[in-house]
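1. Predicted model follows, preceded by the sequence.
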Amino acid sequence: YYDDNKIKNCQKIGQACGHVFNAVYNAATEGKFVLTVGGDHSLACPTISGIMRARPDTCVVWVDAHGDCNHPGTSPSGNYHGMPAAHAMGWFQERAKGFEWMDAHLLRSP
């Protein structure tokens with residue numbers, strides 16, 4: 001498991017993101033339009049994961065100045081907001097504490 005030594009506040013962020021994932025998934029399965037607004041890109045991972053679970057044919061286009069594709073082994077800061085794309089794509093080498101809700105929903109490449 002990755003923990004606070006590799007991802008700052010890992011458990012707390014993971015638990016908060018789990019709530020976002022559940023809300024997004026529930027709204028998407030009801031056919032509702034989903035919009036998440038937050039303070040940083042940490043919300044991207046549970047948003048994408050929730051949508052993809054409810055609507056597996058969804059495509060994601062990531063538009064940003066940088067890709068947020070660091071993982072705990074490459075992140076210079078350890079801040080999760082620089083890692084959500086890598087996490088959603090299954091690039092983490094270990095599970096992350098607090099993010100157990102997401103293990104079955106990673107967007108791993110075939």
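-> That came through, no problem. Numbering: from 1, shown residues only.
2. Show the subsequent helix or strand relative to the helix or strand hosting P46.
-> P46 belongs to helix 44-54 when assigned by DSSP states H and E. Once helix 44-54 ends, the next helix or strand along the chain (criterion: DSSP H and E) is helix 84-88.
3. most centrally placed residue in the protein?
-> C45 (1.9 Å; C-alpha atoms, centre = their mean).
4. what's around the closest residue to A44 other than its chain neighbours, how many residues?
-> Leaving aside its sequence neighbours, A44 sits nearest to P84 (C-beta to C-beta, 6 or more residues apart in numbering; 4.2 Å). Using the backbone N, CA and C atoms, a C-beta is placed for each residue, glycine as well. Counted with other C-beta atoms under 10 Å, residues neighbouring P84 total 26.
5. And H66, by the same measure?
-> 10.
6. roughly how far apart are it and Y25?
-> The gap separating H66 from Y25 is 27 Å, by C-beta to C-beta, to the nearest Å.
7. By residue count, what's the longest helix in this structure?
-> The residue-count maximum for a helix in the chain (DSSP state H) belongs to helix 10-29.
8. who's in contact with that one?
-> Helix 10-29 has contacts (C-beta atoms under 8 Å, 6 or more residues apart in numbering) with 2-4, 7, 34, 36, 38, 42-43, 45-47, 49-51, 53-55, 80, 96-102, 105.
9. how about low-confidence regions in this protein?
-> Where the chain drops to pLDDT under 70, the residues are 104-110.
10. can we see that at 80?
-> 103-110 (pLDDT under 80).
11. that older thread, what's the helix holding P46 packed up against?
-> helix 10-29, helix 84-88 (3 or more C-beta pairs under 8 Å, 6 or more residues apart in numbering; DSSP states H and E).
12. hey, which of those is tucked in deepest?
-> helix 84-88 (a mean of 25; mean count of other C-beta atoms under 10 Å).
13. Burial check on K6, number of neighbours?
-> Neighbourhood size, K6 [other C-beta under 10 Å]: 18.
14. Which helix or which strand is home to N5?
-> Counting by DSSP H and E, N5 is found in no helix or strand.
15. quick one: V34 and S49, what's the gap?
-> Counting by C-beta to C-beta, the gap from V34 to S49 is 12 Å.
16. So those two - more neighbours on which side?
-> Between V34 and S49, counting by other C-beta under 10 Å, S49 is the more crowded of the two (26 against 16).
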